[in-house]
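> this one's sequence-less:
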């Protein structure tokens, strides 16, 4: 059963099955949501949790490769890819966006205050073994193929896998 | 005590008390939030969880009957009902709304990609026994009566019932 | 270790260690999110839970003192403090904001319908012993000092403290 394969692979890679789990459903493509998603994910991993982030709806845009351009075959998918071009480098903000000035300011401040960028945190998460699941349904809906997403992700998953994992998790958050 | 009546009715309707619980607080009236709420709720039910969704604040608009029109006695309630007319068929989007073109595009895509609509998922949730709780305080605040909401809902509930249920739940999400 | 000091102080102040915990991560400065944060926090406390709210990103603005004015040394911090002036009295709305008319209407309705204001709920939360944690990283990022925030808060904390606490909690929500 594919869900079991995704949810309980502990015995294969040697992680003890008693490791506590944390699941984050990342459903927003806003910079001010991607930041807490990845700060909590990497901090959770640093605290010894087995962390999985399920990227769904707008959240999937965090995983897009930079410079992918227009994607999809349907005209609606193409329009969505233009207005929601994504990649960790080009996320908008839920508030104070001001045509892109808001995110630029926040990023400038973060550099000065030594707060890691979303892109750096995403790389760190991968190095720390955080599992990054792209949502299969969202990929189909948006017309995104595996090659439009960054390397090193886990296989695309569905809501069932997320539910199975959250049932076992100590911490489940929807961000 | 009304909270106990709401939270622990298992012995009455024969559901074994060991069934794991999942609680979703649905606080947004946006299409791109209503979708994950109902996909997770129905998937949870399919995976054998006893699922309850507590619809509060803007989230209550998902439960409005289509075509209800202006509601409330206070002028502010009337204004809110105009700008937030709701029903599962008329939800806006948190981003890329573009005066209603965004939701139209997303719905069109969903039909083509065989993703169930929010309205279909709401009916499916009811058929699967997902408990749908309208928030009493929100009904009072917005001037919504029971007859403005769709049929087949559970009795209106308060935050106390939601807290009691989340204490027992394996998965609690705020969406 | 500072995290242990924050997370497990039960033995010191006499609270029995068996008390169930609830953690809310408050990451939004919108009125329609601050309300559920504080309604759930105070209701949780009323139901006997040990409740902690971690105010991070825009959510920190809920804790700002009224009338603090422009804060920060960096020009970007100053701009952010102007557009995000905060305090529980001056929160905007995520939808139907209409240049401040939306929040005004909602607050007027709340008064008429006997729903406590965000400010009243914040004071109530403090009286009920709800722990209010300002996020240290956000304070650094926004250029906010301890004196810009209301009195009676717990010491500033980081994501690690939040993770440690959520691991022990029966209910963890990201709002």
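Received, thanks. The model shown is predicted, which means the values in this text are computed figures rather than measured ones. Numbering: from 1, shown residues only, chains lettered A, B, ... in the order given.

> any part of stretch A:160-168 near chain B?
Yes: looking at stretch A:160-168 against chain B by CB under 8 Å from any CB of the partner chain, the contacts come from A:160, A:162, A:163, A:164, A:166, A:167. C-beta here means a position set from N, CA and C on the backbone, and glycine is covered the same way.

> tell me the confidence at the second one?
The predicted local distance difference test score for residue A:162 is 98.

> that one is in contact with residue A:23, isn't it?
Yes: Residue A:162 is within contact range of residue A:23, at 6.8 Å (criterion: CB atoms under 8 Å).

> overlap in contacts, these two.
residue A:54 (CB atoms under 8 Å, 6 or more residues apart in numbering or on different chains).

> what comes into contact with the longest helix anywhere in chain A?
Using DSSP state H to define each element, chain A has its longest helix at helix A:31-46. Residues outside helix A:31-46 that contact it (CB under 8 Å, 6+ apart): A:22, A:24, A:26, A:28, A:51, A:53, A:59, A:62, A:88, A:91-95, A:103, A:106-107, A:118, A:121-122, A:124-125, A:128-130, A:171, A:173, A:175, C:25, C:27, C:56-58, C:137, C:158-160, C:162-163, C:174.

> then stretch A:150-159?
Here stretch A:150-159 has contacts from A:6, A:54, A:56, A:63-65, A:122, A:126, A:131-137, A:139, A:146, B:39-40, B:43, using CB under 8 Å, 6+ apart.

> buried ones among these?
A:6, A:54, A:56, A:63-64, A:122, A:126, A:131-135, A:137, A:139, B:39-40, B:43 (16 or more other CB atoms under 10 Å in any protein chain shown).

> just checking, which of those residues belong to helices?
Using DSSP H, those in helices are A:6, A:122, A:126, A:137, A:139, B:39, B:40, B:43.

> low-confidence ranges, chain A, go.
Low-confidence segments of chain A, defined by pLDDT under 70: A:1-17.

> got the residues of it near chain B?
A:25, A:27, A:29-30, A:56-58, A:74, A:76-77, A:79-80, A:83-84, A:92, A:94, A:137, A:140-141, A:158-160, A:162-164, A:166-167, A:169, A:172-174.

> now go through those residues and say which are in strands.
Among those, the members found in strands (DSSP state E) are A:25, A:172, A:173, A:174.

> what is the burial count for the second one?
The reference is to residue A:172. Neighbour count for residue A:172, taken as other CB atoms under 10 Å in any protein chain shown: 27.

> how about the residue at minimal distance from the centre of chain A, what does it touch?
The centroid of chain A falls nearest to residue A:55 when counting by CA atoms, centre = their mean (4.3 Å). Applying CB under 8 Å, 6+ apart to residue A:55 gives the contacts A:26, A:62, A:63, A:132, A:133, A:134, A:135, A:138.

> again, only using 10 Å
A:24-27, A:29, A:34, A:37, A:61-64, A:132-135, A:138-139, A:149, A:153, A:156-157 (CB atoms under 10 Å, 6 or more residues apart in numbering or on different chains).

> swap in residue A:115?
Contacts of residue A:115 (CB under 10 Å, 6+ apart): A:35, A:39, A:106, A:107, A:109, A:121, C:137, C:138, C:140, C:141.

> for the host helix or strand of the third one, packing partners?
Spelled out, that is residue A:106. If you go by DSSP states H and E, residue A:106 is part of helix A:101-112. In terms of contacts (3 or more CB pairs under 10 Å, 6 or more residues apart in numbering or on different chains; DSSP states H and E), helix A:101-112 is packed against helix A:31-46, helix A:118-127, helix C:75-83, helix C:136-142.

> picking up where we left off before, for the longest helix of chain A, which positions count as buried?
So for helix A:31-46, counting by 16+ other CB under 10 Å, buried means A:31-45.

> from the residues you listed, which is closest to residue C:99?
Nearest to residue C:99, judged by CB to CB, of those is residue A:32 at 21.5 Å.

> ok, now how distant is the closest one from residue A:158?
Distance of residue A:32 to residue A:158, computed by CB to CB, to the nearest Å: 27 Å.

> also residue A:67?
With CB to CB as the criterion, residue A:67 and residue A:158 are 28 Å apart.

> of these two, who's got more company?
Shown here are residue A:67 and residue A:158; by other CB under 10 Å, residue A:158 has more neighbours (19 against 9).

> is the residue lying closest to residue A:82 once chain neighbours are set aside in a helix, a strand, or coil?
Leaving aside its sequence neighbours, residue A:82 sits nearest to residue A:70 (CB to CB, 6 or more residues apart in numbering or on different chains; 6.1 Å). Judged by DSSP: H, G, I helix; E, B strand; the rest coil, the three-state class of residue A:70 is coil.

> need the contact list for residue A:70.
With the criterion set at CB under 10 Å, 6+ apart, residue A:70 makes contact with A:77, A:78, A:79, A:80, A:81, A:82, A:85, A:143.

> ok, the fifth one touching residue A:141?
By that I understand residue A:81. No: checked against CB atoms under 10 Å, the pair residue A:81 and residue A:141 is beyond contact range at 11.7 Å.

> between those two, which has more neighbouring residues?
Per other CB under 10 Å, whichever of residue A:81 and residue A:141 has more neighbours is residue A:141, with 25 against 21.

> so that one sits right up against residue B:113, yeah?
Yes: if you go by CB under 10 Å, residue A:141 and residue B:113 touch, sitting 5.2 Å apart.

> now do the shared contacts for these two.
What both residue A:141 and residue B:113 touch, as defined by CB under 10 Å, 6+ apart, is the set A:74, A:77.

> circling back to that earlier point, among the buried residues of helix A:31-46, which one sits closest to chain B?
residue A:33 (10.7 Å; CB to the nearest CB).

> narrow the contacts of helix A:31-46 to just the buried residues.
A:22, A:24, A:26, A:28, A:51, A:53, A:59, A:62, A:88, A:91-95, A:103, A:106-107, A:118, A:121-122, A:124-125, A:130, A:171, A:173, A:175, C:25, C:27, C:56-58, C:137, C:158-160, C:162-163, C:174.

> please, which helix or strand holds residue A:129?
Short version, using DSSP H and E: residue A:129 is in no helix or strand.

> skipping its backbone neighbours, what lies nearest it in space?
residue A:45 (6.5 Å).

> what of residue A:56?
residue A:135 (3.7 Å).

> beta partners for the one you found?
residue A:157 (DSSP bridges).

> who touches stretch A:72-86?
A:29, A:34, A:58-71, A:90-92, A:140-145, A:148-149, B:95-96, B:98, B:101-102, B:104-109, B:112-113.

> how about it: buried residues?
Those would be A:72, A:74, A:76, A:77, A:79, A:80, A:81, A:84, A:85, A:86, for stretch A:72-86 by 16+ other CB under 10 Å.

> so which of the residues you listed is the closest to chain B?
residue A:76 (4.4 Å).

> without its sequence neighbours, what residue ends up closest to the closest one?
residue B:105 (4.4 Å).

> over to residue A:149?
residue A:63 (4.8 Å).

> so how far is residue C:48 from the one you found?
With CB to CB as the criterion, residue A:63 and residue C:48 are 41 Å apart.

> now residue A:118
39 Å.

> how many neighbours does residue A:68 have?
Residue A:68: 17 neighbours (other CB under 10 Å).
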